[in-house]
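Novice: heads up, no residue letters with this:
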């Protein structure tokens, strides 16, 4: 899997289910992840099975995000299919303690680089609930362009996209 300056990632396993349930039970964390409708133990278990199946189908998927400094699992990030859109999305979530430190941007940048350089993708998208200003800022910092508002995960989402060429033209 990938590593960034402060983070490393590993594949999710079924052993991670209790930790995911614990982390995603925080109302502030799950607010923009569909709330308890999508972040309850049964829904999280179903989603975990999807994440694990992505590794077999695509060679990538949503992964455990580990804080290198102390080895703590602080959230998840990775690439996965965006429902039935035919697009691959980058996604990220983390526990509240780590908000506001640039970790979402760092994680998403690492996964965009992986998607373009290793997985051979030509385009990657991201969605965020329309009111999720922090996530939208991350997408914009990474050169992703707002394309439309569209329903995903049963929520009205802002839909962003970036091509490989656009992404690397904006990087250092």
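Specialist: All right, it came through fine. Predicted, not measured: the structure shown is a model, and the values here were computed from it.

Novice: Bridged to the residue most central in space within the chain, which residues?
Specialist: Against the mean C-alpha coordinate of the chain, by C-alpha atoms, centre = their mean, the closest residue is residue 91 at 1.6 Å. Beta-bridge partners for residue 91, by DSSP bridges, are residue 78.

Novice: In contact with it, which residues?
Specialist: Contact criterion C-beta atoms under 8 Å, 6 or more residues apart in numbering gives 62, 76, 77, 78, 79, 80, 126 as the residues in contact with residue 91. (Each C-beta comes from the backbone N, C-alpha and C, glycine too.)

Novice: can you check residue 76 too?
Specialist: 12, 20, 62, 63, 64, 65, 91, 92, 93, 94.

Novice: Identify the residue spatially nearest to the last one, adjacent ones excluded.
Specialist: Taking C-beta to C-beta, 6 or more residues apart in numbering as the measure, residue 94 lies nearest to residue 75, with 3.1 Å between them; neighbours along the chain are not counted.

Novice: what does the third one give?
Specialist: If the residues on either side of it in the chain are set aside, residue 62 comes closest to residue 78, at 3.9 Å by C-beta to C-beta, 6+ apart.

Novice: pLDDT value on the one you found, please?
Specialist: Here the pLDDT value assigned to residue 78 is 96.

Novice: Over to residue 155?
Specialist: The per-residue pLDDT reported for residue 155 equals 84.

Novice: next one: the one 10 residues further on
Specialist: For residue 165, the pLDDT comes out at 95.

Novice: Could you confirm it falls within a strand?
Specialist: No: the assignment for residue 165, made by DSSP: H, G, I helix; E, B strand; the rest coil, is helix rather than a strand.

Novice: burial of it, as a residue count?
Specialist: Residue 165: 11 surrounding residues under other C-beta atoms under 10 Å.
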